[in-house]
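Participant: coords please:
(chains A and B)
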Amino acid sequence: MREFFQKYFIMRKHDAKVAVKKMKRSKMCYLFLAPYAVIFAMFFVYPVVASIYYSFTYYNILSKPRFLGLQNYVSLILEDEIFLTSIKNTLMIAIFTGPLGYIMSFIFAWLINELPRWVRSVAVVVFYAPSIAGNCYVIFSVFFRGDAYGYVNAFLMNIGIIDAPILWLINPVYMLPICMVVILWMSLGTGFLSFVAGLQGIDGSQYEAGSRDGVKNRWQELWYITLPNMKPMLMFGAVMSITQAFGVCDVTMALCGYPSTDYAARTIVTHLFDYGFSRFEMGYACAIATILFLMMILCNKAIQSLLRRVGT
Amino acid sequence: MSKKKKNAAIEEEVYVKPLIKRRKPNRSIGGDIALYIFLVLVACIMAFPIVYAVSAALKPLDELFKFPPRVFAQHPTMDNFSDLFVTMGKSWVTFSRYLFNTAFITFVGTAGHLIVASMGAFVLAKYEFPGNQTFFKIVTVAMMFTGYVTQIPNYMLLNKLGWIDTYWAIIIPAFASPMGFFLMKQFMEGLPTSLIEAAKIDGANEWLVFRRIVMPNVKPAWMTLIIFSVQGLWNNRASTFIYSEEKKTLVFALQQIQAGGIARTGQGAAVLVVVMIVPIAIFIFSESQILETMASSGLKD
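Facilitator: Model (predicted):
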């Protein structure tokens, strides 16, 4: 047994020496990477670690953090009903808009791909524009205004579906669905671009070969040829849409207000803002951030292992 | 002689453009038409809010409140925009100052991001050294969560550095955006290694290779990084990290005007257009380059 360990350590030492030698040889590489690595570590790696650390403390910036153990998490889950509402809302939005937005991105990219070149580049702009149009989504608050002069209300009253105006953005029943519609409208983002670009890169001869080998219609073609070719882009698009779906806050805050009636449109991120930047309970806010972080990473990993099976 | 003629004939045969484009296999005309109609319908729905926003900005006040509403302005004017300038001119902090803030943050942040990210991406894509795979994996994980997760510790860190209420609180974190780094690295992997080796044999060091060979060859990726970075920084309200009014960004100021309620309806509509026009314009001008970069965006494992 001891011999085995000795051998093992000798091997490890050797490996380490080789690694150090290699590192010395590639000093230049580290120098190039250093500026990015330092800033990245400061603003992306450290905050995650720090947020996990602070989530176990009570911290209000002014006094020193006081260690609490799991107290923050316990009160989040057992005592904070608004947090549970916010989790429910975020999950509802994510489950509905995430997959639907993702599928929409792919389907429209796929349909656009067959258009002639000029039409295609116009179509890409039309579909992509909502996601980069700044805060253009506030225009929906005009459409869904609560009085009889709101366009949706007026339209529905004219054709006789409703006889009194509905308070779209104040009534908790309608808030989430409207936010979902708006988020779907904006969901053709970076993933969509990636799909469009990926589809253009597929070798056309594969389709010819496929049709010789018995692919009969465009749906079979999609499943057997297009999707397997698109796998890396599908992965990338999935990461983008999950990240977007869990990070919803701008739209709900702009349309339904902050705080919204009955907290019906509160998401995890809005809850985070509330505790972090209004009440300055940083420890508690960090616990929220940590939960959000874990949810996003786990969801991403799960979806990725699911996507690996596509087209096989 | 005859051989030459034959060759020419063959060449002609090869290069003759087909008059009627051969249809792709597995397509029925009916299916095509149905799908195109569907596509056009959805495109109209997608474009409607934006078209409406633009035409609302061009409507004179009486038309804005007209009921039932018209989608297109009957008498388009630029009144809303000039009103907007008047209001901005009356504000305590001048319009030019807000514009400068946004321009400065956007420009410095984007330029720095471009340089810092492509330097790192270059060595990661083209050199083997201990830790390069691990580092890249960490960056891809960083793409999987939103910036909101890190915002609170970021605030504390910036506070310790004394950068709160300075431009640097927005600019420096923007340097390290994982998305741009990822896209740059994926794109650089497509560069032929022989190009770099040839330059090295000619005696160029890494820095020269990077500046003279690699950077000119990845121009499409520049545009992509620029649009993602500009989009993020232009729309950055910076309201959590910057609190003095004279350092706030243009978008923040514009949205303050927009929040002015019913009296500012016309100006609010103008604000929407001003805010959205910049990212969309950049995208339209650089669409083909962006798509070229996105082709290598796939996440392999």
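
Participant: who touches the host helix or strand of residue A:173?
Facilitator: Using DSSP states H and E, residue A:173 sits in helix A:172-185. Contacts of helix A:172-185 with the rest of the structure, by C-beta atoms under 8 Å, 6 or more residues apart in numbering or on different chains, involve A:89, A:92-93, A:96-97, A:100-101, A:104, A:130, A:137, A:140, A:144, A:166-169, A:245, A:248, A:251-252, A:255-256, A:260-262, A:264-265, B:46, B:49. From N, CA and C alone the C-beta is placed, and that goes for glycine too.

Participant: could you rerun that using 7 Å?
Facilitator: Residues from elsewhere that reach helix A:172-185, judged by C-beta atoms under 7 Å, 6 or more residues apart in numbering or on different chains: A:89, A:92-93, A:96-97, A:100-101, A:130, A:137, A:140, A:144, A:166, A:168-169, A:248, A:251-252, A:255-256, A:260-262, A:264-265, B:46, B:49.

Participant: and for stretch B:144-163?
Facilitator: By C-beta under 7 Å, 6+ apart, stretch B:144-163 touches A:42-44, A:46-48, A:50-51, A:54, A:239, A:243, A:246-247, A:249, A:269, A:272, A:276, A:282, A:285-286, A:289, A:292-293, A:296-297, A:300, B:164, B:169, B:173, B:240-241.

Participant: in helices, which of these fall?
Facilitator: Under the assignment DSSP state H, those contribute A:46-48, A:50-51, A:54, A:239, A:243, A:246, A:269, A:272, A:282, A:285-286, A:289, A:292-293, A:296-297, A:300, B:169, B:173 to helices.

Participant: where's residue 38, which helix or strand?
Facilitator: This is for chain A. Element membership for residue A:38, per DSSP H and E: helix A:27-40.

Participant: wait, chain B
Facilitator: Using DSSP H and E, residue B:38 maps to helix B:29-58.

Participant: which strands and helices sit next to that helix?
Facilitator: Using 3 or more C-beta pairs under 7 Å, 6 or more residues apart in numbering or on different chains; DSSP states H and E, the elements in contact with helix B:29-58 are helix A:117-132, helix A:139-143, helix B:265-285.

Participant: what comes up buried for that helix?
Facilitator: For helix B:29-58, a neighbour-count test (16 or more other C-beta atoms under 10 Å in any protein chain shown) marks B:35, B:39, B:42-43, B:46, B:49-50, B:52-58 as buried.

Participant: for stretch A:208-215, same thing?
Facilitator: Within stretch A:208-215, the residues scored as buried using 16+ other C-beta under 10 Å are A:210, A:211, A:215.

Participant: since we're on residue B:264, how many residues are nearby?
Facilitator: Look at residue B:264: counted by other C-beta atoms under 10 Å in any protein chain shown, it has 19 neighbours.

Participant: so what's the residue of chain B found nearest chain A up against?
Facilitator: Nearest residue of chain B to chain A: residue B:298, at 2.3 Å (C-beta to the nearest C-beta). Residue B:298 sits next to A:198, A:232, A:233, A:235, A:236 when contact means C-beta under 7 Å, 6+ apart.

Participant: cross these against helices and list the overlap.
Facilitator: Filtering the contacts of residue B:298 for helices - DSSP H - leaves A:198, A:232, A:233, A:235, A:236.

Participant: show me the contact partners of stretch A:125-139.
Facilitator: Stretch A:125-139 is contacted by residues A:108, A:182, A:185-186, A:188-189, A:192-193, A:251, A:254, B:43, B:46-47, B:49-50, B:52-53, B:231, B:235, B:255, B:272, B:275-276, B:279-280, B:283-284, B:287 when judged by C-beta under 7 Å, 6+ apart.
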